[in-house]
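**Student:** Sequence and predicted structure are below.
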Amino acid sequence: MCKLEVNIQSSPKYYPIFINNRDINTLYSEILEYLEGKNYIVVISKKVYQLYANILNFPKEKMFVLKDGEKEKNIKNYTRILDFALKSHLTRNDAIIAIGGGVVGDLAGFAASTYMRGINYIQVPTTLLACTDSSVGGKTAINTVYGKNLVGSFYQPSAVFINVNFLKTLDKRQFKSGMGEVVKYAFIEKSCQCDDDLNLMNFLNENSQKIMDKDILTLADLIKMCIKLKISVVNQDEKEKGLRKILNYGHTYGHAVETITNFSKYTHGECVVSGILFAINMAFKMGKIDKEYKFLSEDLISKFDFPRIPQFDKNKIINIMRADKKAGSDYLTFILPTSYAQVETFKFEPDKISF
Ligand code: GLY
């Protein structure tokens, strides 16, 4: 059992993140004890419901089951959750518990941030991506027809409960999608300004087989490292005014690939990896990294067997990147590698980008 703590400097806001590998049936009492008698509803992914509803023990009438898939993160489901919360008589003092991957966490978090102007929410991430990235840091959102995550809020959970055993039943593709965000953390580690010197790149190189074999203790260590890095960034810059932008490493190009392929052909993590490879290549061409670091980075990525995504039409990709909410009107922002485990933010005029 391990407890990490988010302690945001500017607000100030505090919440614990519990990481353990106990039996999943202990989760119910852990959460109930934490809620101290508050009323609650549970928003749970359909897959997780089918696999774990009986073990989890939450009363069926308190569960809102959400179909899986990015397209479920929409305004219709958002209002359905609010209606469910109203029907369940949740007051401002109560809580929404999100059990699932990033889609459930983002959607339930957004509902919690607006229900009666904000109620408690608890994240129980069940995918590697949610355990290592999206469950911590308070980004909540829904998608619209104009794009992904265009409506949302920064709203921190009251607590995060990570039980690594959920990962045992995670399918291979979703597991590797999470590894996309994990390798991101390795490449940005030094820029996260974390007090601990974790050397995640080394850890990934040395433990790649154990990770791919889903060795539970190795995964618990891996999750702790990623969360320590995320906490360090979020504590300093909750609202992404500066430092937090580095968490978007690989995402400018990655989001464009997701959009161009209609959010259906590749997973988020696969697209992030294609964005990281794009950034490595771009940084090398611009003389920001040397051949050795390019090789080392590509070698690390090759250990996790990500699919190769083909290059897309340059103009189409640039137009999509321009529409990205993080882009300024006249330039595109890229996070590029500059040295070992270090990245910096650069702004480019669209016609100066070399693919
Ligand atoms: N997933 C990126 C962030 O939380 O800022």
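**Tutor:** Structure's in. What do you need?
**Student:** C-alpha only now, for contacts and for neighbours.
**Tutor:** OK.
**Student:** could you pull out the strands for the stretch 151-300 of the chain?
**Tutor:** Along the stretch 151-300 of the chain, the segments classed as strands by DSSP state E, counting those that start in this stretch run 159-163.
**Student:** Just the buried residues of the helix or strand in which Tyr14 is found, please?
**Tutor:** Using DSSP states H and E, Tyr14 falls within strand 13-20. Neighbour-count burial for strand 13-20 flags Tyr15, Ile17, Phe18, Ile19, Asn20 (criterion: 16 or more other C-alpha atoms under 10 Å).
**Student:** Mind putting these into TSV with pLDDT?
**Tutor:** As requested, the buried residues of strand 13-20 are exported to TSV (pLDDT from 0 to 100):
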residue	pLDDT
Tyr15	98
Ile17	98
Phe18	98
Ile19	98
Asn20	96
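**Student:** Widest-spaced pair of those residues?
**Tutor:** Across those, no pair lies farther apart than Tyr15 and Asn20, at 16.5 Å, counting by C-alpha to C-alpha.
**Student:** related to what we said a few turns ago, by contact count, what packs against the strand holding Tyr14?
**Tutor:** Under the contact criterion of 3 or more C-alpha pairs under 8 Å, 6 or more residues apart in numbering; DSSP states H and E, strand 13-20 touches strand 2-8, strand 159-163, helix 216-236.
**Student:** Please list the residues outside it that contact it.
**Tutor:** 1-8, 157-164, 220, 224 (C-alpha atoms under 8 Å, 6 or more residues apart in numbering).
**Student:** rerun that using 6 Å as the cut-off
**Tutor:** 1-7, 158-163 (C-alpha atoms under 6 Å, 6 or more residues apart in numbering).
**Student:** Repeat that for stretch 62-80.
**Tutor:** Ile41, Val42, Val43, Ile44, Ser45, Lys46, Val103, Leu107, Ile142, Asn143.
**Student:** Of those residues, just say which sits nearest to Ala130.
**Tutor:** Val103 (8.9 Å).
**Student:** how many neighbours does that closest one have?
**Tutor:** 26 (other C-alpha atoms under 10 Å).
**Student:** where does the chain come near the ligand, residue by residue?
**Tutor:** Within the chain, the positions lying close to the ligand (C-alpha under 6 Å from any ligand atom) are Asp133, Ser134, Gly137, Lys139, Arg244, Leu247, Asn248.
**Student:** just to revisit the earlier point, which of the contacts of stretch 62-80 fall in strands?
**Tutor:** Judged by DSSP state E, the subset of the contacts of stretch 62-80 located in strands is Ile41, Val42, Val43, Ile44, Ser45, Ile142, Asn143.
**Student:** residue boundaries of the helices in the stretch 201-350 of the chain?
**Tutor:** For the stretch 201-350 of the chain, the helices defined by DSSP state H, counting those that start in this stretch cover 216-236, 251-260, 268-285, 291-302, 314-323.
**Student:** Quick check: the two most widely separated of the contacts of strand 13-20?
**Tutor:** Pairwise distances across the contacts of strand 13-20 peak at 21.7 Å for Asn7 and Asn163 (criterion: C-alpha to C-alpha).
**Student:** Please identify which of those two sits among more neighbours.
**Tutor:** Between Asn7 and Asn163, counted using other C-alpha under 10 Å, Asn163 has the larger neighbour count: 22 against 17.
**Student:** how many neighbours does the residue of the chain found nearest the ligand have?
**Tutor:** When scored by C-alpha to the nearest ligand atom, the chain has Leu247 as its residue closest to the ligand, at 4.9 Å. Neighbourhood size, Leu247 [other C-alpha under 10 Å]: 22.
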